[in-house]
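>>> Below are the sequence and a predicted model for it; my questions follow.
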Amino acid sequence: AQSVTQLDSHVSVSEGTPVLLRCNYSSSYSPSLFWYVQHPNKGLQLLLKYTSAATLVKGINGFEAEFKKSETSFHLTKPSAHMSDAAEYFCVVSDWAAGNKLTFGGGTRVLVKP
Amino acid sequence: NAGVTQTPKFRVLKTGQSMTLLCAQDMNHEYMYWYRQDPGMGLRLIHYSVGEGTTAKGEVPDGYNVSRLKKQNFLLGLESAAPSQTSVYFCASTLFSGENTEAFFGQGTRLTVV
């Protein structure tokens, strides 16, 4: 069975400072990993996905994530936070061998202070 | 370019009432999913479908039924609503089952059962 753990339920950063959202996963085979963002009262938008072509994945809005198999981690970072980054972020693993069922982490809510 | 459309967007039900949530996608996707979102728990899979005429249970199927009579539509039914079913419901679809396949989400349906 797959599982995802987001290590922080809330993260507070100042505008212009780096953002780090931590994610650990468990999967019995090579995982498909994603980060999604959800702005208040909105749907989910794909930030980036791990394609196995490169361990460092670049996404939209300046976000990137690094896949580390030895640590079973897929942490999300951004060098400089913007007010518009205030949202909830979900780390997701896909069971692509069985119907593409997604397993979500519990989410990390990001607060950006001016 | 509609993508995934959910109706209704909001609904208040009384305990014991029934209702159907409709998900429609115009991307010719084979796979469709219903998730529920509750605070601190991410999204959890209720039911899913790997093609027209097929459905399967997810992680939290009790109290819900689904049907996929047409490829583009996936219906979620609540036969006798309970307060525990108060949640935000998201529909998603993917083109096929495979590594790194991206899921597309609807905007969500906020359901309150009183």
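Alright, I've got the coordinates.
>>> give me the residue from chain B nearest chain A.
Nearest residue of chain B to chain A: B:Gly42, at 3.3 Å (CB to the nearest CB). Where you see a C-beta, it was placed from the backbone N, CA and C, and this is true even at glycine.
>>> what's the closest non-adjacent residue to that residue?
A:Phe104 (3.3 Å; CB to CB, 6 or more residues apart in numbering or on different chains).
>>> Check whether the one you found really touches A:Val92, as I assumed.
Yes - if you go by CB atoms under 8 Å, A:Phe104 and A:Val92 touch, sitting 5.3 Å apart.
>>> The two: who's more crowded?
Remark: of A:Phe104 and A:Val92, A:Val92 carries more neighbours, 25 against 21, as counted by other CB atoms under 10 Å in any protein chain shown.
>>> check which helix or strand covers the more buried one.
Using DSSP states H and E, A:Val92 maps to strand A:87-95.
>>> same question, B:Cys23
strand B:19-25.
>>> contact partners of that strand?
B:2-8, B:11, B:13, B:32, B:34, B:72-78, B:81, B:89, B:91, B:93, B:104, B:106, B:109, B:111 (CB atoms under 8 Å, 6 or more residues apart in numbering or on different chains).
>>> follow-up on the earlier one: pLDDT value on the residue nearest to B:Gly42, please?
pLDDT for A:Phe104: 91.
>>> Same question for A:Ala98.
Value for A:Ala98, per-residue pLDDT: 70.
>>> re the thing from before, can you give the distance of the helix or strand just after the strand holding A:Val92 from its chain's centre?
The C-terminal neighbour of strand A:87-95 among helices and strands, as given by DSSP H and E, is strand A:101-104. How far strand A:101-104 lies from its chain's middle: 13 Å, per CA atoms, centre = their mean, to the nearest Å.
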